[in-house]
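Chemist: Can you look at this prediction? I've put the sequence above it.
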Amino acid sequence: MKILIVEDEPKAGDYLRKGLRESGFVVDLARNGTDGLAQALEGDYSLIVLDVMMPGLDGWQVLQELRRAKDTPVLFLTARDDLPDRLKGLELGADDYMVKPFAFAELVLRIRTILRRGPSRESEVIEIGDLVIDTVRRRVTRAGQKIDLTSKEFALLHVLARRRGEVLSRSLIASTVWDMNFDSNTNVVDVSIRRLRAKVDDPFEQKLIHTRRGMGYVLDVEEK
């Protein structure tokens, strides 16, 4: 899942980005409200973590403009802890409101709770053939056998699975899983696909990850 952080304080923004990436999310960071709104409107985010007090557009204004176009879940994370501020944030359409300082474990829990209950959330469990992906517990099984994946391998499998049947280009995979621009001189995507296949496909007769030469990769059950 992809999260946008809108936070103008450099250390706080970097801390949030690092921590959420280590928790398994793909993360973008905007360092002011104006850039944050532009990214929120243009990007495909599962959730936005939004500060209130920022130069240019503040968090209230960002949320007001966003709600005119999108229903992307928003969690306010701010030092403003007065009850009127909390009520204002929720009335404007925020899904949750956390006050700084905060416990990072609680932030992750609240994010996952919002994503589970959100109206546009994806299913918690994705099933493709005998492959079962529990997106909340981050568990994968195939034919009842547990498959141990690294964080990046899970993210790669998740991207392929939630867009089942779509051919995903290497550049799209690189930008989504590694948050990087694809360089034709690097084989990071191909190497990672091979490693994922070794765990998800090689021990089983039916293959689920398929190569489309010159196009990319697709995950699906294909008839023989």
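Modeler: Received the coordinates, thanks.
Chemist: can we go C-alpha only for contacts and neighbour counts from here?
Modeler: Fine.
Chemist: Surely residue 135 is in contact with residue 127?
Modeler: No - contact criterion C-alpha atoms under 8 Å: residue 135 and residue 127 do not qualify, at 10.7 Å.
Chemist: all strands of this structure, in order?
Modeler: Assigned by DSSP state E, the strands in the chain fall at 2-6, 26-30, 47-50, 74-78, 96-99, 125-128, 131-134, 139-142, 145-147, 209-212, 216-219.
Chemist: So what touches the third one?
Modeler: Spelled out, that is strand 47-50. Identification of contacts with strand 47-50 by C-alpha atoms under 8 Å, 6 or more residues apart in numbering yields 2-7, 40, 59, 72-78, 111, 115.
Chemist: May I have the beta-bridge partners of residue 145?
Modeler: Beta-bridge partners of residue 145, counted by DSSP bridges, are residue 142.
Chemist: The chain should start at 826 in everything you say after this.
Modeler: Right, with 826 as the first residue, what we last looked at is residue 970.
Chemist: That one: neighbour count?
Modeler: Residues lying near residue 970 (other C-alpha atoms under 10 Å) number 11.
Chemist: what do you get for residue 900?
Modeler: Count around residue 900 with other C-alpha under 10 Å applied: 24.
Chemist: try residue 973
Modeler: Residue 973 - counted by other C-alpha under 10 Å - has 14 other residues nearby.
Chemist: now do residue 894
Modeler: 10.
Chemist: My read is that it contacts residue 867, right?
Modeler: No - counting by C-alpha under 8 Å, residue 894 sits too far from residue 867 to count as a contact (10.5 Å).
Chemist: pLDDT weak spots in the protein?
Modeler: The chain contains residues with pLDDT under 70 at 943-948, 961, 1004-1011, 1048-1049.
Chemist: One more pass at 50, please.
Modeler: For the chain, the stretches with pLDDT under 50 are 945-947.
Chemist: Let me see the ranges of the helices in it.
Modeler: 835-847, 858-867, 884-892, 908-916, 929-942, 976-987, 995-1002, 1013-1025 (DSSP state H).
Chemist: other SSEs contacting the first one?
Modeler: With contacts defined as 3 or more C-alpha pairs under 8 Å, 6 or more residues apart in numbering; DSSP states H and E, the packing partners of helix 835-847 are strand 827-831, strand 851-855.
Chemist: what are the pairing partners of the first one, and which direction each?
Modeler: If I follow you right, that is strand 827-831. By DSSP bridges, strand 827-831 pairs with strand 851-855 (parallel), strand 872-875 (parallel).
Chemist: in stretch 915-923, what's buried?
Modeler: By 16 or more other C-alpha atoms under 10 Å, the buried positions in stretch 915-923 come out as 915, 918-923.
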